[in-house]
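> give me a model of this one.
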Amino acid sequence: MKNTENDFINENYGLAISLARKFYSHGLNYDFEDILQVALMSMLKAHRKHDPSRSVFSTFATFCIRNDLIKFIKKHILSILQNKNC
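Below you'll find the model as predicted:
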């Protein structure tokens, strides 16, 4: 990882933690570290795709992180439901 990406993650770590906490507090059976890891990976992906001329980063990153967290949870819920049906 580049040094600028490390600095960027350190500067915006609070955004990822705040969104991860919201999803963790819904009583789902996941470790907080797993949810935080998805949020941080999504934030890094958002950083690479962000166009500063179109929007503020925090708005764009919030949208990306929430979408990836929802995909993560849906994927795992579907796999649990499929296992129960066997």
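> for the chain, what spans make up the helices?
In the chain, helices defined by DSSP state H lie at 3-24, 32-49, 57-85, listed in chain order.
> tell me which of those helices is the most buried.
Most buried of the helices of the chain, by mean neighbour count (mean count of other CB atoms under 10 Å): helix 32-49, with a mean of 17. C-beta: built from backbone N, CA, C; applies to glycine.
> contact partners of it?
5, 8-9, 12-13, 15-17, 19-21, 23-24, 57, 60-61, 64-65, 67-69, 72 (CB atoms under 8 Å, 6 or more residues apart in numbering).
> how about a cut-off of 6 Å?
Outside helix 32-49, the residues within contact range by CB atoms under 6 Å, 6 or more residues apart in numbering are 8, 16, 19-20, 23-24, 60-61, 64-65, 68-69, 72.
> centre-most residue in the protein?
Most central in the chain under CA atoms, centre = their mean is residue 39, positioned 2.1 Å from the mean C-alpha point.
> what's the spacing between that one and residue 53?
Distance of residue 39 to residue 53, given as CB to CB, to the nearest Å: 25 Å.
> equivalent analysis for residue 37, please.
Taken as CB to CB, the span from residue 37 to residue 53 is 30 Å.
> which stretches of this structure aren't confidently modelled?
Judged by pLDDT under 70, the chain has its weakly predicted residues at 1-3, 26-28, 78-86.
> one step back: got the contacts of helix 32-49 as TSV, with distance to residue 46 columns?
Output for the contacts of helix 32-49, formatted as TSV (distance: CB to CB, whole Å):
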residue	distance to residue 46
8	10
16	10
19	11
20	14
23	16
24	20
60	6
61	4
64	4
65	7
68	9
69	12
72	15
